[in-house]
Structures are given as structure tokens and as C-alpha cells.
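Asker: Just a sequence and a predicted model for now, questions to come.
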Amino acid sequence: MDDINRTEAGNEETARRENDSWIKRHFNYECYMTFLNGCYSCKWEAQRREKPRRPLCCCSLRERIFYPWLIMSFFLSVILLFTWVETSNEYNGFDWVVFLGSRIWFFWSLVLLSVLGILAAYTTMLVVFGFLLCWEKNELYLHWYHKIMVLIVILFCSFLMWILLTFWRDRWLTIGLSLQVFAPYIHLSSISAMVLLSWPVAFYLIHLEGEARMRRNQNTSERRRNKWCNMLTKSFSVLQVVVGLPFLLILLCLYVVPFGTYSPCVQEKDKLAPKPDFFGHRGAPMLGPENTIMSFEKAVEQGAHGLESDVQISLDEVPFLMHDYDLRRTTNILEVMPNASDEQSSFFYWDFLSTLNAGKWFADSWIKPFFGMKPLSEADRERARSQKIPKLSELLQIARKAKKMVIFDLYTPPHSHPSRSSYIRLVVSVILDSKIEQHLIIWLPGSERNYVRSKAPGFQHIGRLFTIERLTKEKITRINVDYKNLFYDGLKEYKAANININIYLVNEPWLFSLAWCSSIHSVTTDNIQVLKEINHPYYFMTPDFYMFMWIFLDIISAVFIVAIFYSIWLRESRSEKILQGITSYTETPSVRSLHEEVLRVEETR
């Protein structure tokens, strides 16, 4: 008996050394496990009880049922975070929409980004800690605080997903465009990610196989004690298929399908189109107050090809520049006439509009209109404070002197407005009186085109996303479309018909790079000072280089994945051999009779 005990103790010591993780060998293992259990289970006291050898069957039914909900919360939070990060081009528009409802200007887009980042980090932490506890063969118990939070995350993310699918459906096109741009890099990085993922997959598959073999070899008393575990033994092979087959299919798909070739940025260098021209959206709104003389002059200084603005008609029929339907956001009307701050801009006389300040909100407010704006110099700050609402004629004079093109949205006056039926003719008259060269005017309004052509034959007419037949019939050779329409085959049909394309609103470098690689002629942007510095499209890659990197990573990753599976299989095989040796000693007649006697005593109690 002493020899058996000494041999068994020696085998257990050998097994312990074989199975010790690098954490045990290099760090304070008790502190490490206390940290994991504290974060996952809110149990911060040192866990001194002996751990089970096979953690799979030692999780309660409640934990096994809840764990898929944790995985769901992880995927939902990560998907929403990725979606919101990729729609960064829309942040200013989102802040403006929230301002219309709340009347408070703030970076609401960044608040939502922060919340989604926190939720994604939280669920990722729980998933990682759960895996580490499994790796260390410890029992899983997610504290009920975490369970409640996981359910809240699922409900919150599901609500946001519903809003995106219902009210903001076109934002998914932005995700599609980002996937087109980053397709080669996502493909190559996914192959590398599969190498990292192969480690837990290999551990899980080989662990399941070993668990099944161990359950088949259990004696009668052990089966009686682990009755619930025996019920799961038959499902181990199914679990292996459920885990292993998707991993294998995804890996083969990444190895075989060249996803990167679907990106417009994968092309030969000699096929790359010229750099798109810039239209300053309301001037240069990151350098000066939007739709002011300062903003347009800054856009000219930055090399804008054209100037974009918004035109409304005052009550005394003076065309002026204003984007919002009221004056609250970009003027000081709350200080001058707070009771009329909600009135439409078109219901004021020009004499009053010309007295309003249109720059203090930009220069003095602690919350700027764009996140990450560079601080203004003192001279620019003083200049911004003195800006007024400009007339259309003032914009035309700037464009005439600088030989810049002009495009504008012309707002239809309200029903009771005196210019309701004559605003087109009024604006055409103002343009002709400015003496600007007619070819510098890009005429966007769709009403009364025949009249406009008869009075100003030199205007360049631009349309929306009309059919090519309609564009040809109306003799329109330009279109002005939302950038998200690039998702539909890159507007190749219009380019094949020699129709110039201007897309709006492009602020992010990756989106500008996509427009460049897609042979777009011009873009409307708030961020001209940054985009003008891009001399070559980001994420550009030649097909030969992409194919080389793809094949190279395929070979390297296959070698690493095979090595990982083999090393884990070898480790588990050694552990099982040692455990089988211990079992063979403990199942000798004397030890077995003693073991059964102990069981009988326990049962009588």
C-alpha cells in the first residue's frame, strides 16, 4: 500500500508539472486566479479548494444556458461599435439631427461612441476571463450583477440595431463601402486572426475528445457520482462538429476566395484616375463659421475647386446664405430676439438679418462644431467674431474674383412667402447682375430649367441620381449624389456615359480614397484642409502585391495552425497517459475495496 501511495503521489506530481501553465511558473498563481474569479464571479477571497480536472461538466446548468447570452452580447456590442466607428463621416450630421430635437449642441456622436466602446470592452472582458478560467480548469460562475448587465447590453444593443434598421437604413451602405475599402486588409488580417483563434478551438476540440474517452473509461461508482456528466458524453462528438466545422469552413474560405479583389483600391497604378476636385461645403467650416465670407475665403485659400452653399430668400426678396431653417444655431438671435428664435429664417427682413452676428458661436463656444478642430489663431478668432450673414451676391463676388465654381441648394420659400412663385427668377437675376462668368455656376435646382437655360445659357446644369435617359434628354452632364450611392457598383453606368459625378459629403480620408479609386470627379467636403494633403489614395494596393501577401499568409498560417493543434494534442495526450497510470494503481483490489467501503459509509450518512 505504501508503494502504491508513493507511486501515485509521484505520478500526481509529474502530472502537475506537465500541466502547469506558464502563468504558474512565472507569476503568483493564487493572485492571478483570485483576480480572474473576482472579475468574473465577484469572489475576491483566495480560492484554496482543489479544482476539478475536467471543467466542462462542473459548470452548472444555469451557467451553460446563460453563456450563449454572454456571447450574443459580445457580438452585438462589437458589431454596433464597428458600425458606429465606420460611420464617423456622419458624426456632424448626427449631432445636427440631435440638436434639432434637443436644442442642445454637443458631440452626441462621441457620447454614443464612448458608450458602445465601454459595452464592447465590458463584454469582451467577460468572454476573455471566462475562457481563461476554463483554460485553468476552474469552475465558471458569472455573478448575477454581470448577468443583469449582460441582459441590459443585449436589450440596449438590440434597440439601437432596430433604430438603425428602421430609421437609418442607408447607414449600412456606409458599412458596405468601408468593407470594400478595407477588404484586402480585413482578408489578410482575418487569416492572422484565425491563427490566434485556432488556439482556443484546438484546446476545446482536443479537450472534448479527451473528456469523452475519460467518461467511457469511468468505473461504475464514478458514473453514479457524475450522472449528469454522463448524459453529456454522447453529445461531445456533436459539439466537436459544431465548433470545428465552422472554423474549418471559414479557414478554407479565407484560403481560397480572394476577397480583396472586390475593393476598388486594388488596381494597377496606371489605371488610377486623377485626384478628385474639392467643393468647400458651406466654405471651409472647420476654419471659419459656416456660410460666412470668412469660411468661403478660407476655402479659396485651401485650393477649393468650387464653393457650395445654401440659399434662402428673405421676406423682402434678398437671397442670403443660411443652412438651418431657423437662426438659433449659427447666429445670436437668442440674445437679440429670443421670442422669434424659432421662426423660419425666410420670415425675416434683410435689414434685421444683416444685423445678426454669425460668428461668435464658432469663435467663443467651448463646444466646437467639429470634433478635433485645430485651435483658431487670435487673428482668426477676432475675424470670426465679426462675421455676419452674407448675401448670395457677396459669395458670387468671391467666386468671380477667384475664378471658382459655385453650387448651391436653393430652398423653396414657405407658402405664405411673397417670393414663393418667383424665387427661381429672382436668384437668376441676382447671379446675372453679379457679372460672374456663367460657366462658373453649377445650377442644381430642378425647377424651371427651361427658363434658366433661356436666361443664362452658360450655366452648367447638374442633376440628382436620375436615369441616364432623363439626363440625356435634359442635356445634363453632371450629377450630384450622396456618397453612399457608390455602393451600387461604383456608379459605373454613369461614368461609362461620360457623366461627371460629384459626391457629398466626404470628410474622412478613407472615404476620399474610395472616391479617388472609384474615378469620381469631385467631392463636397467640410475637411478640405486635411483631404488636400492626400497625394495618393490610402489603402491602395496592386493586384500582384495583394496576391503575393495572400498566398504567403496562407502558407505561414497553415504551418502555425498545424503546429498549434499538434502541441495541444501532445500536451493532452501526456496528461491522459499520466492519469491512466494513476487510475490503474487506484483500481487494484485492495485500493478498490477500500474505496468502495468509503462510498458505502458516505451513503449511509
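Answerer: Nice, I can see it.

Asker: The residue nearest to the spatial centre of the chain: which element?
Answerer: Residue closest to the mean C-alpha point of the chain, counted by CA atoms, centre = their mean, is Phe82 at 2.6 Å. Taking DSSP states H and E as the definition, Phe82 sits inside helix 61-86.

Asker: name the helices or strands packed onto that helix?
Answerer: Secondary-structure packing of helix 61-86 (3 or more CB pairs under 8 Å, 6 or more residues apart in numbering; DSSP states H and E): helix 108-135, helix 144-167, helix 171-216. No exception for glycine: its C-beta is placed from N, CA and C like everyone else's.

Asker: Nearest to Pro289 among these would be which one?
Answerer: Within those, the stretch nearest Pro289 is helix 108-135; the backing value is 20.6 Å (CB to CB).

Asker: and the angle for the closest one with helix 61-86?
Answerer: Computed with axes from the mean of the first three to the mean of the last three CA atoms, to 10 degrees, the direction of helix 108-135 lies at 140 degrees from that of helix 61-86.

Asker: Who are the packing partners of helix 108-135?
Answerer: The helices and strands touching helix 108-135, judged by 3+ CB pairs under 8 Å, 6+ apart, are helix 29-41, helix 61-86, helix 91-102, helix 144-167, helix 171-216.

Asker: domain assignment for the chain?
Answerer: Annotated domains of the chain cover 21-169, 170-272+540-605, 277-531 [automatic domain parsing].

Asker: State the mean pLDDT of the last one.
Answerer: Pointing back at domain 277-531 there. In this model, domain 277-531 carries a mean pLDDT of 95.

Asker: Could you do the shortest one as well?
Answerer: Along domain 21-169, the predicted confidence averages to a pLDDT of 83.

Asker: just to revisit the earlier point, from the domains of the chain, which stretch is densest packed?
Answerer: Here the criterion is mean neighbour count by mean count of other CB atoms under 10 Å, and of these the winner is domain 277-531, at a mean of 18.

Asker: quick one, what contacts Trp199?
Answerer: Ile564, Ile568 (CB atoms under 8 Å, 6 or more residues apart in numbering).

Asker: part of a helix, is Phe279?
Answerer: No - when DSSP: H, G, I helix; E, B strand; the rest coil is applied, Phe279 is found to be strand, with no helix at that position.

Asker: right, and Ser314 touches Leu356 too?
Answerer: No - using CB atoms under 8 Å, Ser314 makes no contact with Leu356, being 11.9 Å away.

Asker: Show me the strands in the protein, by range?
Answerer: With DSSP state E as the criterion, the chain has strands at 277-281, 306-313, 319-321, 405-410, 441-443, 460-463, 478-482, 500-504, 522-525.

Asker: before we move on, the earlier item: make CSV out of the helices and strands packed on helix 108-135 and add distance to Tyr488.
Answerer: Written out in CSV, the entries for these read as follows (distance: least, CB to CB, whole Å):
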stretch, distance to Tyr488
helix 29-41, 46
helix 61-86, 18
helix 91-102, 21
helix 144-167, 19
helix 171-216, 8
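
Asker: what's the closest of those helices to Leu471?
Answerer: Nearest to Leu471, of all the helices and strands packed on helix 108-135, is helix 171-216, at 22.2 Å by CB to CB.

Asker: of all the helices and strands packed on helix 108-135, which lies closest to Pro338?
Answerer: helix 91-102 (17.3 Å).

Asker: Next, the angle helix 61-86 makes with the closest one.
Answerer: Counting by the same axes, to 10 degrees, helix 91-102 lies at 100 degrees to helix 61-86.

Asker: what's the closest of the helices and strands packed on helix 108-135 to Phe278?
Answerer: Among the helices and strands packed on helix 108-135, the nearest to Phe278 by CB to CB is helix 91-102 (17.1 Å).

Asker: Could you check how far that closest one is from the centre of its chain?
Answerer: Relative to its chain's centre, helix 91-102 lies at 19 Å (CA atoms, centre = their mean, to the nearest Å).

Asker: what angle do that helix and strand 277-281 make?
Answerer: Orientation of helix 91-102 against strand 277-281 (the same axes, to 10 degrees) gives an angle of 20 degrees.

Asker: and helix 91-102, what does it pack onto?
Answerer: Based on contacts counted as 3+ CB pairs under 8 Å, 6+ apart, the elements that helix 91-102 packs against are helix 108-135.

Asker: can you give me the angle the helix it packs on makes with helix 29-41?
Answerer: For helix 108-135 against helix 29-41, the angle by the same axes, to 10 degrees is 130 degrees.

Asker: what's the angle between helix 108-135 and helix 144-167?
Answerer: Going by the same axes, to 10 degrees, helix 108-135 makes 140 degrees with helix 144-167.

Asker: What's the end-to-end length of stretch 456-470?
Answerer: Start-to-end span of stretch 456-470 (CA to CA, to the nearest Å) is 21 Å.

Asker: got the contact list for that stretch?
Answerer: In this structure, residues lying in contact with stretch 456-470 by CB under 8 Å, 6+ apart are 405, 407, 428, 431-432, 437-439, 441-444, 446, 449, 452-453, 471, 474-481, 485, 493-494, 497, 499, 502.

Asker: Let me have the strands of the chain in TSV, extended by distance to Trp105.
Answerer: TSV is the format used below for the strands of the chain (distance: least, CB to CB, whole Å):
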stretch	distance to Trp105
strand 277-281	18
strand 306-313	18
strand 319-321	20
strand 405-410	22
strand 441-443	31
strand 460-463	31
strand 478-482	24
strand 500-504	22
strand 522-525	21
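
Asker: sorry, back to before: please name the nearest non-neighbouring residue to the residue nearest to the centre of the chain.
Answerer: Closest residue to Phe82 apart from its sequence neighbours, by CB to CB, 6 or more residues apart in numbering: Ile175 at 7.8 Å.

Asker: My read is that that neighbour contacts Trp84, right?
Answerer: No - using CB under 8 Å, Ile175 makes no contact with Trp84, being 10.0 Å away.

Asker: shared neighbours of these two, which are they?
Answerer: With contacts taken as CB under 8 Å, 6+ apart, not a single residue reaches both Ile175 and Trp84.

Asker: In contact with Ala515: list those residues for me.
Answerer: With contact set as CB under 8 Å, 6+ apart, Ala515 has these partners: Pro276, Tyr483, Leu486, Ile503, Val506, Val523.

Asker: ok, the second one touching Asn507?
Answerer: No - here Tyr483 does not reach Asn507: they are 9.8 Å apart, not a contact under CB under 8 Å.

Asker: okay, and the common contacts of those two?
Answerer: By CB under 8 Å, 6+ apart, the residues touching both Tyr483 and Asn507 are Asn89.

Asker: Tell me how far the residue lying closest to Glu86 once chain neighbours are set aside lies from Gln460.
Answerer: What sits nearest to Glu86 in space, not counting adjacent residues and going by CB to CB, 6+ apart, is Ser178, at 4.2 Å. Separation of Ser178 from Gln460 (CB to CB, to the nearest Å): 32 Å.

Asker: One more: Leu491?
Answerer: Computed with CB to CB, the distance linking Leu491 and Gln460 is 19 Å.

Asker: ditto for Leu165
Answerer: Per CB to CB, Leu165 is found 39 Å from Gln460.

Asker: Same check on Glu63?
Answerer: In this structure, Glu63 and Gln460 are separated by 67 Å, where distance is defined by CB to CB.

Asker: Ala273 now?
Answerer: In this structure, Ala273 and Gln460 are 20 Å apart, going by CB to CB.

Asker: Phe370 now?
Answerer: Noted for Phe370: a distance of 30 Å to Gln460, by CB to CB.

Asker: now swap in Thr261 and tell me
Answerer: Plainly put, Thr261 is 36 Å away from Gln460 if you go by CB to CB.

Asker: do the same with Leu505
Answerer: Shown here: Leu505 relative to Gln460, a distance of 21 Å by CB to CB.

Asker: now do Gly176
Answerer: For Gly176, the distance to Gln460 (CB to CB) stands at 31 Å.
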